[in-house]
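*Asks:* Below is the sequence, then the predicted model.
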Amino acid sequence: MCLAIPGEIVEFVPDRPGLAKVEVSGVRRAVNIGLLEGEGLAAGDWVLIHVGFALSRIDEAEAKATLTMLEGIGAAYDEEIDALRESRID
Amino acid sequence: MTIREEQVLERIERARGRRARLRDDTIVLAHGSGGKATRTLIDAVFREAFANPVLDRMDDSARFSVNGADLAFTTDSYVVSPLFFPGGDIGDLAVNGTVNDLAVAGATPLHLSAGFILEEGFPVESLRHITESMRAAAEAAGVDIVTGDTKVVERGKADGCYISTAGVGVVTDPPSGAVRPGDAVLVTGPIGEHGVTIMLARGELDLEADLASDTAPLGCLLAELRDACPGAVRRMRDATRGGVATVLNEIASDAGLAIAVDEGAVPVRPAVRGACELLGIDPMYVACEGRAVVVVAPESEAAALAALRAHPLGAGAAVIAHVKDDPSGLVLLKTAFGGTRIVDLLVGDPLPRIC
Amino acid sequence: MRFVDEYRDAEKAHHLAASIAALCEPGRQYKFMEVCGGHTHTIYKHGIEDYLPEAVSLVHGPGCPVCVMPMGRVDDAIHIASQPNVIMTSFGDMMRVPGGNGSFFDAKAAGADIRMVYSPLDALKIAERNPERRVVFMGIGFETTAPSTAMTVLRAKAAGITNFSVFCNHVTILPAIKAILDSPDLRLDGFLGPGHVSTVIGCRPYEFITRDYRKPLVVAGFEPLDILQSVHMLLAQLAEGRSEVENQYGRVVPWDGNTRALQVINETMEPRPYFEWRGLGFISHSALRMKDAYADFDAERIFDIPGGRVADPKACQCGEVLKGVLKPWECKVFGTACTPETPIGTCMVSSEGACAAYYNFGRFTRERVKEATR
């Protein structure tokens, strides 16, 4: 359920306070930002878009943390493999 | 996988290969999508009524001989909305689409016909605009529009202007038709631009992007390809309605072979991808109007790619798939993520989805 | 594409896959339910199951709003669409969903004015441009989509637009999960939580699952690495004997959800006493209807709907598939009588329904598929 994808706020629509122009890979659409009232959105922020509404502001620090964790899982496994190899040599 | 699952799946695979029965009592939009529903309608109604050996080959063009001359003959109707869009208009499509159906049969187009169905109240200025596009497109493709027809229907009975064109050409260098395991499958440029451009141009989605239709005549490009690898071109199709996925399915099914696509190799422009991600549709099913899918012998893969890329209309060409012997009639996809899946025919048009 | 491509990295996937396999206890089988149809779609679209060991299987849950739409409601919607002067507006998803008497596409072919929209705001725009017509928006979807419908109704009210109404079929996910947890034949080891629903409701509402039913739940994102990482987190919880709500999708999902979105839902809508889910039957408090204060925007009150109930076909085993008791291919009619062209049951209807996804993207003859794409 619920197809939603990240887009970058490129500008605010001047006389329509509830709207922002959002860009997804070169495609632009005016998106309603009423559900993120009081979040202090600015151009350059990334939001999650669903049926023409911004539903959530994307947290860059969390995004980085997830990727670091993913890399960590890989690295941990590398160490495991290395440990296994060493134990075999012994 | 358990033996029972395997058995169930084998049974389904057999069922999948069977021609579907037409169950609808009325025509629905899906019958015009180019997918399974179209195929079912054609088989159950048109082929049923018109069956003959030339038609039964079910190619982009019919081929037959007249007094020793090998001819290709095709027809196509254009009902695009809006009539004018970035990169072209209904007039360009009406010429290029028919010329391309001839070109992929290995034919040099000679003459076109053009039938117009006009709605009462349609501006003559717009009609002039369309016919000027047709003149320019015909000139670019090296054909003349030599006969035509005009009908006017009452306001509300049509959407401005519909065009039907037919074309005849001389077959000079037909593809061999013998697709074999190991063959390379190429696409002549980035996919889905026409379909996405039209969706955006309708304005209902309120999406904007710097995109233009890919409509173009492919005769010259495909001639360069044939010259670069003589005798090695097995099959050519233009990927219109139903997109590249549909054409690949038809090639696989005709040949009784499998086609394995490398998703990462399929050229898609960022804006096409962006629009598809937003709308939840797969660019593989989105129409092109100036892209061909070609199958060439394995040893000609590099030469074919180089020849296509050397031409302005083929600059974005890529090898996207290879032919395999099993499983017969299926198109498979190695996803960019490294997984695998099947690329089936759609029932109707790809629909924007929210979930 | 930022926040998308970096979560589709095949190399990281190989590492994760190895790590997932290492977490599996030898001889143990794991069954995780992805509640959300969007996850089902991602799993098939990217071929994620190829990265999972045989010991881990994913069960496709009830989180596809068009799949669970009972046929009677589709008939009601078509009835509304067929009234004089009505323009019915709908997301593309609903167009092919069969009721007892055909789909929106069939009704359109029969003369009803049914238009596809991308956003409920587009439906409102159609109402503004056609003041002489009655424009109805077919509201479908879970908590992710309900706020958009609510915002649109609020806007219609503020702008004094009187020819716009909503046929409200919004459903809520928690009662459906509870119904599945309470079914006697359940055998699940954990849940991938619906990421986009959670942007609205947050992560706390799932705590009853981990506390009362002792099943771990990881709120998961929609890119392939999100899914693999979430499976990894579930396995880690099981290995450590934990049963907690964890949030893999922190970049999008705040722990407490979106208060404003919940507020607009509560302003305009209230839970129905019960609602029928196709394949699952009646579930109490599992759907939303318009509040009395918004009766003027409630198509259910404006139009006299038949409200009939159409029983699911007998041969259909969608309920079992939705609960994870049966795999799609284990259903009696899967792939033979029930196909995407002629769907009998709910799971074959939408491309993200478990059966349609299984049929179209095929895990079938997986070894041969892998062999051919090598």
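*Replies:* Structure received.
*Asks:* Got the domain ranges for the chain?
*Replies:* I'll assume chain A. A:1-58, A:59-90 (automatic domain parsing).
*Asks:* I was after chain B.
*Replies:* Listed by automatic domain parsing, the domain ranges of chain B are B:1-51, B:61-174, B:184-342.
*Asks:* okay, those domains, which one's buried deepest?
*Replies:* Comparing these by mean neighbour count (mean count of other Cβ atoms under 10 Å in any protein chain shown), domain B:184-342 ranks first with a mean of 22. Where you see a C-beta, it was placed from the backbone N, CA and C, and this is true even at glycine.
*Asks:* Nearest the geometric middle of chain C, what residue?
*Replies:* C:Cys64 (2.3 Å; Cα atoms, centre = their mean).
*Asks:* Mind pulling up the pLDDT for that one?
*Replies:* C:Cys64 carries a pLDDT value of 84.
*Asks:* tell me which element C:Lys165 is part of?
*Replies:* Wrong residue type there; residue C:165 is Ser, not Lys. strand C:164-170 (DSSP states H and E).
*Asks:* Verify the stated contact: B:Glu13 with B:Asp326.
*Replies:* No. Here B:Glu13 does not reach B:Asp326: they are 11.2 Å apart, not a contact under Cβ atoms under 8 Å.
*Asks:* what's the nearest residue to B:Gln227 if we skip its chain neighbours?
*Replies:* No Gln there; residue B:227 is Asp. B:Ala307 (7.3 Å; Cβ to Cβ, 6 or more residues apart in numbering or on different chains).
*Asks:* Could you check how far stretch B:198-212 is from the centre of its chain?
*Replies:* 21 Å (Cα atoms, centre = their mean, to the nearest Å).
*Asks:* hang on, the earlier thing: now, of the domains of chain A, which is deepest in the fold?
*Replies:* With a mean of 20, the top stretch among these by mean neighbour count (mean count of other Cβ under 10 Å) is domain A:1-58.
*Asks:* OK, now which residue of chain A is nearest to chain B?
*Replies:* For chain A and chain B, the shortest gap (Cβ to the nearest Cβ) falls at A:Ser25, measuring 2.9 Å.
*Asks:* Report whether the expected contact of that residue with C:Met1 is present.
*Replies:* Yes. At 4.9 Å, A:Ser25 counts as touching C:Met1 under the criterion of Cβ under 8 Å.
*Asks:* just to revisit the earlier point, tell me the first helix or strand C-terminal of the strand holding C:Ser165.
*Replies:* In N-to-C order, the element after strand C:164-170 by DSSP H and E is helix C:173-182.
*Asks:* can you count the residues close to C:Tyr229?
*Replies:* Check again: residue C:229 is Gln, not Tyr. By other Cβ atoms under 10 Å in any protein chain shown, the residues close to C:Gln229 number 26.
*Asks:* same question, C:Pro328
*Replies:* For C:Pro328, using other Cβ under 10 Å, the count is 24.
*Asks:* For B:Arg235, see how far away it is.
*Replies:* 34 Å (Cβ to Cβ, to the nearest Å).
*Asks:* Report the contact partners of the residue of chain A closest to chain B.
*Replies:* B:Pro270, B:Ala271, B:Arg273, B:Gly274, B:Glu277, C:Met1 (Cβ atoms under 8 Å, 6 or more residues apart in numbering or on different chains).
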